[in-house]
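Q: Okay, predicted coordinates and the sequence, questions at the end:
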Amino acid sequence: MPSILFVCVYNACRSRISEAVCKKLAPDWTVASAGSNPSNQVDPKARAILERHGLAMTPAKPKGFAGLPLQEWDYVIAMGCGDKCPSGLSAKKFIEWNIPDPYDGPMEVYQALYDDLFSRIETLVREARLAA
């Protein structure tokens, strides 16, 4: 069963939405998210967009890399955090998705983010299953 880690700077929005979507699309995978400089709270609009789609954001608080299990991930997906993303994470495949942080934008921006992430993750899961 593949493992995937979504990373961004604050672990408050993009990586958290990605984690929730991936858990829905690939419930048999090991899925996590973390941030290089985790916020003290999740983005309330990110939580709201997930709730709109029947998904939950767990755990409730953003986490950093120290909270991750020591392992080699099959995939590490960076959300556009540039040089703030860790280079020390071990992954078979490191993918950079240059996705802007929607922080404090209108809900339409969060919906567009959700749609984009859902599509990307759906494609990734399908391709990984075909390659297995």
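A: Here it is on my side, so go on.
Q: longest single helix anywhere in this protein?
A: Longest helix in the chain by number of residues (criterion: DSSP state H): helix 107-131.
Q: got the phi/psi numbers for Val31?
A: phi -130, psi 130 (degrees, to the nearest 10).
Q: Isn't it up against Lys23?
A: Yes: Val31 is within contact range of Lys23, at 5.0 Å (criterion: C-beta atoms under 8 Å). Every C-beta, even on glycine, is put in place using the N, C-alpha and C of the backbone.
Q: Who has more neighbours out of the two?
A: A count of neighbours by other C-beta atoms under 10 Å puts Val31 above the other of Val31 and Lys23, at 22 against 19.
Q: which residues does that one contact?
A: With contacts defined as C-beta atoms under 8 Å, 6 or more residues apart in numbering, Val31 is in contact with 3-6, 19, 22-23.
Q: switch to 6 Å and redo it
A: Val31 makes contacts with 4, 19, 22-23, as judged by C-beta atoms under 6 Å, 6 or more residues apart in numbering.
Q: ditto for Met57
A: Neighbours of Met57 in contact, by C-beta under 6 Å, 6+ apart: 16, 20, 42, 47, 50.
Q: For it, give me the pLDDT.
A: pLDDT, Met57: 86.
Q: how near is the residue nearest the centre of the chain to Ser36?
A: Centroid-nearest residue in the chain: Ser15, 2.7 Å away (criterion: C-alpha atoms, centre = their mean). Distance check for Ser15 against Ser36: by C-beta to C-beta, to the nearest Å, it reads 10 Å.
Q: same check, this time on Gly67
A: Separation of Gly67 from Ser36 (C-beta to C-beta) stands at 12 Å.
Q: Which residue of these two possesses the greater neighbour count?
A: In this view Gly67 and Ser36 are compared by other C-beta under 10 Å, and Ser36 has more residues nearby, 18 against 13.
Q: one step back: now render the contacts of Met57 as JSON lines, adding neighbour count.
A: Compiled in JSON lines, those are given as follows (neighbours: other C-beta atoms under 10 Å):
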{"residue": "Arg16", "neighbour count": "26"}
{"residue": "Ala20", "neighbour count": "26"}
{"residue": "Val42", "neighbour count": "21"}
{"residue": "Arg47", "neighbour count": "21"}
{"residue": "Leu50", "neighbour count": "21"}
